[in-house]
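*Asks:* sequence first, predicted coordinates after that:
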Amino acid sequence: MAAVVIASVIPLAGAVRVLAPVPLALIGARTRPRAMVATTVATSSVAFAMAGTGAAMSVFGSAVLGGIIGEIKRRGRGAPTMLLAAVVTAPLVAGVSVLLLLILKPLRELVLAAMDNTLKGMARWIGKVPGMDGTAEFLRGLGDNIVAYWWAWILVSGAVGTFITIVVAWWILGAVIERLADVPSEDTIDSGDADTDVGIAPLPMSLEGVEFAYHRGGRKILRGVDMTVEPGEFVAVVGVNGSGKSTLAKLLAGRHPTGGAIHRPGTAGLGRAGGTAMVLQRPETQMLGSRVADDVVWGLPPEADVDVDALLAEVGLAGLGERETSDLSGGQQQRLAIAAALARDPALLIADEVTSMVDPQGREEIMALLTELPRRRRMALVLITHRASEAAAADRIIHLVDGRVAAEPPSWVPAGDVEAQAESVGTGPAAHDGRRPLLRLDGVGHTYLTGSPWEVRALTEVSLQINRGDGLLIVGGNGSGKTTLAWIMAGLIAPTEGECRVVDIVGDGAPVTDRVGDVGLAFQHARLQIQKQNVGDEIMAAGGEKVGTSEVARVLESVGLPREMAASRTDSLSGGQMRRVVLAGLLARRPEILVLDEPLAGLDPGARDEVIGVLAGLRAGGMTIVIISHDFSSLGRVCDRRVHLDHGVLDAIDEVPRILGEETVE
């Protein structure tokens, strides 16, 4: 749609129209026809509102072409079928265009006037060039000819343009689909309830010998799982990353197993009143409304009677109904997701790692809210977690180990492993020795959407110096500006106030925005930073053109992964492995400083200790490391200085205590 609108308002940008069918063809190739119809109606309506009838017609035409191309791809046909479709479709589209312009006289006059003015304007400028009078006269005559015989010009140019558009879109779509070949097109949570007439009744539920694999013949994520969920009970499912917890949550929500059986009196009713509701790890992926109150009732039928104010008060968001959802902190967003789930009055609420991305205070508040729900609302709660302290309040605890239910609680981190890692990296971080500065922040401030009604200040007057060999921990609650500071340090955004500079041995250096790559940044969500299908390609892409297979093997071993993992698929990695692969890619680029944004978020204690062990080893080897986190369990082994951020203001600098327990301290 964007391509069509741009071409509609900028005449000389008409060539971009050829790209318009590509995203629509991708939808047609990967979804059902009704999704294509819905997309066509929505994009045509928006195009009409933005640029008028001409743009809406163009979007509609692009959707038709995209739908044809996508359907051919979806059915597995090749280039001959596409060429045949192009030969048949091109004159039809051109003929329809002529018919519409014949009927819609005002639109025809507008289109012809725009074409005539464009050609005569070009002729006027070309006529000023010595020796180009003939060309200018030809363009003026061409404009008059097009106006006089517009139907012939539209018929011929429309047919040729449509044919070229189909061929180009087919070629581009092939490359896009090849890149996305391994991305599953099915909804991993869709329960298929719409295809049955059975009523909604998710509980009581029993699983008997349940197995699950995402691909036929692939590795079984769950094996022989037996469990029950009764109305009104609180069940905790505990396990390490990769043990199958989230997959089990999807089955409880209604997805069909590939082996065994799940018994319910009715359907799971995911997202429906009286059925099953899910709250996920990242609340921003569940927010659809622009206002808090809108988001609570989003997706509910118009006749639904929901007391929004009472729900918001129940989850601790009283008085925030008119707030923009984008202005909420991480903990508030998670509360909003819970409120939206409760608006459906579910019989079963599944909370999947809901505290992993919030600060300690927010974690306590959310857990206090969740643990009261089974008693107060007589609903069943299934909590997916890797924190033993959160599971302790449950009526029953189910331990998952390698996709199986374990009779005894597994050991999170064997004591011998912790001691061995401690010996390998030393008992603590290398001391800060005041060596030369590498990065200097002077009066750094940052405001988003400056000058607009939505202006938000993220940082204020932050001054900080990071020296070679430093281990610096930056802590703060959700919304304190930690991630903004990380991106400024890496040079990905420029501060709106002050400066952040990379300091050279001689001289003052340069702004870090001019030296992107000198500071390596690991995102909070490692999966979003991984772009390639296998580990080796990912590390080489992150490291640059000079990185070969030998360098890939070296950096894999430096982060505690076997070199054989270079051939592994990135989508088969656990959370801890993904973080280490991202770290390996950064090390391959040989940065001066590593900035890690929430490197422990969402990791179970075992994976957390593995990542900490790797970072401690890098720090002992002289690497400068900056960790931004609200969870500094055991980070005293990596960092010796701690900076507190409070609402974007640098509050204090002190030493990091050595904390080796599971729980976080603020």
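*Replies:* Thanks, I have the structure now.

*Asks:* domain ranges for the chain, per the record?
*Replies:* What automatic domain parsing lists as the domains of the chain is 2-179, 193-406, 436-518+591-666, 529-590.

*Asks:* could you dump those domains into CSV with mean pLDDT added?
*Replies:* Output for the domains of the chain, formatted as CSV (pLDDT from 0 to 100):
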stretch, mean pLDDT
domain 2-179, 81
domain 193-406, 89
domain 436-518+591-666, 83
domain 529-590, 87
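
*Asks:* how near is the nearest residue to Arg377 once chain neighbours are set aside to Ala277?
*Replies:* Excluding the flanking residues, the one nearest Arg377 by CB to CB, 6 or more residues apart in numbering is Leu342, at 7.4 Å. Just so you know, the C-beta spots here come from the backbone N, C-alpha and C atoms, and that holds for glycine as well. Between Leu342 and Ala277 the computed distance is 7 Å (CB to CB, to the nearest Å).

*Asks:* which helix or strand lies directly C-terminal to the top helix by length along the chain?
*Replies:* As assigned by DSSP state H, the longest helix anywhere in the chain is helix 150-179. Per DSSP states H and E, the first helix or strand lying C-terminal to helix 150-179 is strand 205-212.

*Asks:* which residues do Leu342 and Ala277 both contact?
*Replies:* Each of Leu349 lies in contact with both Leu342 and Ala277 under the rule CB atoms under 8 Å, 6 or more residues apart in numbering.

*Asks:* on that earlier part again, what's around the residue nearest to Arg377, how many residues?
*Replies:* By other CB atoms under 10 Å, 21 other residues sit near Leu342.

*Asks:* Glu499 too?
*Replies:* There are 15 residues near Glu499, going by other CB under 10 Å.

*Asks:* neighbours of Ser310, how many?
*Replies:* No, residue 310 isn't Ser; it's Ala. Residues lying near Ala310 (other CB under 10 Å) number 10.

*Asks:* now it: which helix or strand?
*Replies:* Using DSSP H and E, the element containing Ala310 is helix 308-314.

*Asks:* can I get stretch 392-403 in PDB? Just the C-alpha atoms.
*Replies:* Provided in PDB are the C-alpha atoms of stretch 392-403 (Å, rounded to 0.1, in the frame of the first residue of the first chain):
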ATOM      1  CA  ALA A 392       6.200 -22.500  46.100                       C
ATOM      2  CA  ALA A 393       2.800 -20.900  46.400                       C
ATOM      3  CA  ALA A 394       1.100 -23.500  44.100                       C
ATOM      4  CA  ASP A 395      -1.200 -26.300  45.200                       C
ATOM      5  CA  ARG A 396       0.900 -28.700  43.000                       C
ATOM      6  CA  ILE A 397       4.200 -28.400  41.200                       C
ATOM      7  CA  ILE A 398       4.900 -30.300  38.000                       C
ATOM      8  CA  HIS A 399       8.600 -30.700  37.100                       C
ATOM      9  CA  LEU A 400       9.500 -31.000  33.500                       C
ATOM     10  CA  VAL A 401      12.900 -32.500  32.500                       C
ATOM     11  CA  ASP A 402      13.700 -33.100  28.800                       C
ATOM     12  CA  GLY A 403      10.000 -33.100  28.000                       C
END
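
*Asks:* residues of that stretch that come out buried?
*Replies:* 394, 397-401, 403 (16 or more other CB atoms under 10 Å).

*Asks:* wait, Val167 touches Ala86, no?
*Replies:* Yes. The criterion here is CB atoms under 8 Å, and Val167 meets it with Ala86 at 6.3 Å.

*Asks:* coming back round to it: name the helices or strands packed onto the next helix or strand after the helix holding Ala310?
*Replies:* Sequence order places helix 330-342 as the next helix or strand after helix 308-314, per DSSP H and E. Under the contact definition 3 or more CB pairs under 8 Å, 6 or more residues apart in numbering; DSSP states H and E, helix 330-342 sits against strand 276-279, helix 292-297, helix 308-314, strand 348-352, helix 360-377.

*Asks:* picking up where we left off before, buried ones in the longest helix of the chain?
*Replies:* Within helix 150-179, judged by 16+ other CB under 10 Å, the buried ones are 150, 153-155, 158-159, 161-163, 165-167, 169-170, 172-173, 177.

*Asks:* counting contacts, what elements does that helix pack onto?
*Replies:* If you count contacts as 3+ CB pairs under 8 Å, 6+ apart, helix 150-179 packs onto helix 21-30, helix 53-74, helix 79-103.

*Asks:* next one: the spatially most central residue of the chain from Gly217, what distance?
*Replies:* The residue lying closest to the centre of the chain (CA atoms, centre = their mean) is Leu528, at 6.0 Å. Between Leu528 and Gly217 the computed distance is 29 Å (CB to CB).

*Asks:* before we move on, what about Ala620?
*Replies:* Separation of Ala620 from Gly217 (CB to CB) stands at 44 Å.

*Asks:* restrict the helix holding Ala310 to CA atoms and write it as PDB.
*Replies:* The C-alpha coordinates for helix 308-314 follow below in PDB (Å, rounded to 0.1, in the frame of the first residue of the first chain):
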ATOM      1  CA  VAL A 308     -13.200  -2.000  33.000                       C
ATOM      2  CA  ASP A 309     -12.600   0.300  36.000                       C
ATOM      3  CA  ALA A 310     -13.100  -2.600  38.500                       C
ATOM      4  CA  LEU A 311     -10.800  -4.900  36.500                       C
ATOM      5  CA  LEU A 312      -8.100  -2.200  36.400                       C
ATOM      6  CA  ALA A 313      -8.400  -1.600  40.100                       C
ATOM      7  CA  GLU A 314      -8.100  -5.400  40.700                       C
END
